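Undergrad: coords please:
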Amino acid sequence: MIWRKRDARDTKWSWIAVLLRRLTGELQRRAVIAEMLEADIVLAKPPTLRLSPVALLYRLLLRVQYVHSMLYVGDGKMVHTTSGEGVVIAPVPKGVYREDSYTVLRAPHLTLEQRELIAIEGLNIVGTKLDHAGLITNIPARMLRLRKPFLKLEKTRLWCSKLILQAYSKNGVELVPPDKVENVTSEDLRDSKILELV
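TA: Numbering: from 1, shown residues only. Prediction:
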């Protein structure tokens, strides 16, 4: 193999390539956001090596692709859960245009008013703490196909897909069958009969 010394031109072109990739990615992200409506749902399936311990358990034990759900509330913002801060408002992920990492779902039958109310309900949940016990007890309950978790250790059983389920159900929209409500996962949302790919 012949090695050659890198010169200033190599560095210049590599910076241009990086800049073009970032610009292209941002344009693609903005195009996806322009198509999104309030109450759209974004499901995330990050690479296994980038998962938190709980998400890794979910993926390995339940054999699922999707490990996180987010609710679009308009203006390029999502409501979702984090392990440290609970329910937060955050920008739409940078890689949302990447089909290998994200899926955007929509309930097409919703009216504009319903969409707004679902987004408002999601925003009303901001600041609520995440139920770590609920997440962990969901795993054996799902493995054994139980309708309810083994234990209810915390008063508010809330995690990412439960947040979305709550925002929709408070506005009269049932995303999943009754047997999935107590232990709802991102995969259940993906399989919902009323949601379609955007």
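
Undergrad: Spatially, what comes nearest to Glu174 if we skip its sequence neighbours?
TA: Tyr168 (7.4 Å; C-beta to C-beta, 6 or more residues apart in numbering). For the C-beta atoms, the positions are set from N, CA and C on the backbone; glycine is no exception.

Undergrad: right, and that neighbour touches Val184 too?
TA: No. Tyr168 lies out of contact with Val184 (C-beta atoms under 8 Å); the separation is 10.6 Å.

Undergrad: quick one: which of those two has more around it?
TA: Tyr168 (27 against 23; other C-beta atoms under 10 Å).

Undergrad: how far does stretch 177-194 sit from the chain's center?
TA: 14 Å (C-alpha atoms, centre = their mean, to the nearest Å).

Undergrad: got any residues that touch both of Tyr168 and Val184?
TA: Common contacts of Tyr168 and Val184 (C-beta atoms under 8 Å, 6 or more residues apart in numbering): Leu175.

Undergrad: Just give the closest residue to Tyr102, not the sequence neighbours.
TA: Distance criterion C-beta to C-beta, 6+ apart; nearest residue to Tyr102, sequence neighbours excluded, is Val96 at 5.0 Å.

Undergrad: Just to check, the one you found is in contact with Ala34?
TA: No. Val96 lies out of contact with Ala34 (C-beta under 8 Å); the separation is 11.6 Å.

Undergrad: Just want to know which of those two has more residues nearby.
TA: The neighbour count for Val96 versus Ala34, taken as other C-beta under 10 Å, is higher for Val96 (25 against 8).

Undergrad: And the more buried one, how far from Thr103?
TA: The gap separating Val96 from Thr103 is 10 Å, by C-beta to C-beta, to the nearest Å.

Undergrad: residues bridging contact with the two, i.e. touching both?
TA: Counting by C-beta under 8 Å, 6+ apart, the common neighbours of Val96 and Thr103 are Val42.

Undergrad: And the lowest mean pLDDT element among the helices and strands of the protein?
TA: Within the chain, no helix or strand scores below helix 132-143, which has a mean of 70 by mean pLDDT, DSSP states H and E.

Undergrad: so where's this protein shaky on pLDDT?
TA: 1-13, 15-23, 131-136, 147-157 (pLDDT under 70).

Undergrad: go again using 80 as the cut-off
TA: 1-23, 25, 54, 58, 130-157 (pLDDT under 80).

Undergrad: Quick check: chain neighbours aside, which residue is closest to Leu37?
TA: Arg115 (5.9 Å).
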